[in-house]
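Student: Can you look at this prediction? I've put the sequence above it.
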Amino acid sequence: MAKYAAITGWGMAVPERTLTNADLERMVATSDEWIQTRTGIRERRIIGPGESTSSLATAAGKAALNRAGLDASAIDHVILATCTPDRPFPATACTIQAALGARRAAAFDIVAACSGFVYGLNVATSLIRSGAARTVLFIACDVFTHFINWNDRNTCVLFGDGAGAVVLQPSDEPAGLISCVLGAAGEQEDLMAVDAGGTRLPATAELLEQGRQYVYMNGREIFKHAVREMAESSLEALRLASLTREEVALVVPHQANLRIIEATAKRLEIPMDRVFVNLDRYGNTSAASVPIALVEAVEQGRLRAGEYALLTAFGGGLTWASAVIRWG
Ligand code: ACO
């Protein structure tokens, strides 16, 4: 059995349509100045007609397979991290499996909100380490803009749509996931949620009228939890990997809010020039934010073969996750 699961392919996909802060100024009582100073976001991508979570995720999956030089027939598992599936049932990973023509592959979704990529990386790596899988296509994709009340300025300025994907294959050399720390605080689940549409509160005309199918969030409370848990789990992931903060080439954090990222970096005592930020262009793409940032970091030469990166994320649930990966 392999000791490691190397990332042998990577790719991303974002919709063409861009929604700027100026566009939002025409929709709700907000301003470019408020959004930029409170979040760091300038614009975000929004899916158009005919697009969905599965179409965006399939595009990212294809890019990752191309980069790995693999045909879809080589994949034995398609795993999707999402909390905004095409439909409540069946798993969106099955739609992607069919779209890719990955006939040999098992397919399932995992849900851990914005922490989904790091959670899923741990699951996919464990499958490979155990010998249960050899070639995993792991995609993280969210289309939060379909769960947003476009009249609610507290949430509508924050999110964008996107997908990021990796191919994982066995390796005897240290590569891929080196250490991982996952956490959750279910008693805080109501800090951020979509209430209607599940078994607890099936969608009715009355609930739809009340807008209960949309996401709500206590941003201020989540902010505090996010900084604390991302910093603490990052330090633990470094400790488990036996690495000092100086040995990490790049931190790739969840892209929710620049102030959260800066406060976390400060607690970690890692300067911002070693922290990757792209939320100004994409906003919070939920589970996709870490892999999109990772792909862009690699393409910009900010993370090279043999270097270590620290991934850290936080999201609804509440959930959080930090991991050390070795690139190449
Ligand atoms: N434009 C203008 N004013 C606004 C806007 C807006 N878009 N949104 C809120 N405000 C107002 C509020 O109404 C409030 O006004 P008041 O003081 O008169 O009541 C004021 O701005 C300050 O609001 P706060 O909520 O205190 O603003 P804060 O500085 O906390 O920023 C934000 C809000 C950006 C949401 C921040 O708290 C945040 O980023 N939180 C974390 C979000 C997060 O990480 N979520 C989890 C991940 S997502 C997932 O899991 C899928």
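Tutor: Yep, that arrived.
Student: can you tell me the helix or strand for residue 325?
Tutor: strand 319-326 (DSSP states H and E).
Student: Name the strands paired with that strand and say parallel or antiparallel.
Tutor: Here strand 319-326 is paired, per DSSP bridges, with strand 176-184 (antiparallel), strand 308-315 (antiparallel).
Student: Do that strand and the ligand come into contact?
Tutor: No - Strand 319-326 lies out of reach of the ligand by C-beta under 6 Å from any ligand atom, never closer than 7.7 Å. All C-beta spots, glycine's among them, are computed from the backbone N, C-alpha and C.
Student: just how off-centre is that strand within its chain?
Tutor: In terms of C-alpha atoms, centre = their mean, to the nearest Å, the centre of strand 319-326 is set 12 Å apart from its chain centre.
Student: Any chance you could give me that strand in PDB, C-alpha atoms only?
Tutor: Extracted as PDB, the C-alpha positions of strand 319-326 are listed here (Å, rounded to 0.1, in the frame of the first residue of the first chain):
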ATOM      1  CA  THR A 319     -16.400  23.100  10.300                       C
ATOM      2  CA  TRP A 320     -12.700  23.800  10.000                       C
ATOM      3  CA  ALA A 321      -9.800  22.100   8.500                       C
ATOM      4  CA  SER A 322      -6.000  22.600   8.100                       C
ATOM      5  CA  ALA A 323      -3.500  20.500   6.200                       C
ATOM      6  CA  VAL A 324       0.100  20.500   5.200                       C
ATOM      7  CA  ILE A 325       0.700  19.300   1.700                       C
ATOM      8  CA  ARG A 326       3.900  18.700  -0.200                       C
END
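Student: rewinding a little: closest to residue 301 out of the strands paired with strand 319-326?
Tutor: The minimum distance between residue 301 and the strands paired with strand 319-326 falls on strand 308-315, with 13.1 Å, by C-beta to C-beta.
Student: related to what we said a few turns ago, right, and the strands paired with strand 319-326 - which one's nearest the ligand?
Tutor: With C-beta to the nearest ligand atom as the criterion, the ligand lies closest to strand 308-315 of these, at 2.8 Å.
Student: Is any residue of that closest one near the ligand?
Tutor: Yes - Strand 308-315 comes into contact with the ligand (C-beta under 6 Å from any ligand atom), by way of residue 315.
Student: So for that strand, mean pLDDT?
Tutor: For strand 308-315, mean pLDDT rounds to 98.
Student: Same question for stretch 135-142.
Tutor: Stretch 135-142 comes out at a mean pLDDT of 98.
Student: now do stretch 281-296
Tutor: 98.
Student: How about stretch 85-92?
Tutor: In the prediction, stretch 85-92 has an average pLDDT of 96.
Student: Using CSV, write out the CA atom coordinates for it.
Tutor: C-alpha atoms of stretch 85-92 as CSV (Å, rounded to 0.1, in the frame of the first residue of the first chain):
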residue,chain,number,x,y,z
PRO,A,85,-25.6,20.2,-5.2
ASP,A,86,-27.5,20.1,-8.5
ARG,A,87,-30.4,18.4,-6.7
PRO,A,88,-30.9,17.1,-3.1
PHE,A,89,-30.7,13.6,-4.5
PRO,A,90,-28.8,11.8,-6.2
ALA,A,91,-25.2,12.8,-5.6
THR,A,92,-23.9,15.4,-8.0
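Student: Can you list the buried residues in it?
Tutor: Buried positions in stretch 85-92, judged by neighbour count with 16 or more other C-beta atoms under 10 Å: 85-86, 91-92.
Student: Pull the most distant pair out of the residues you listed.
Tutor: Spanning the widest gap among these are 86 and 91, at 9.2 Å by C-beta to C-beta.
Student: For these two, list the residues in contact with both.
Tutor: Contact criterion C-beta atoms under 8 Å, 6 or more residues apart in numbering; residues shared by residue 86 and residue 91: none found.
Student: just to revisit the earlier point, pick the most deeply packed of the strands paired with strand 319-326.
Tutor: A comparison of the strands paired with strand 319-326 by mean neighbour count, using mean count of other C-beta atoms under 10 Å, puts strand 308-315 on top with a mean of 26.
Student: how much distance is there from that strand to the middle of the chain?
Tutor: Relative to its chain's centre, strand 308-315 lies at 10 Å (C-alpha atoms, centre = their mean).
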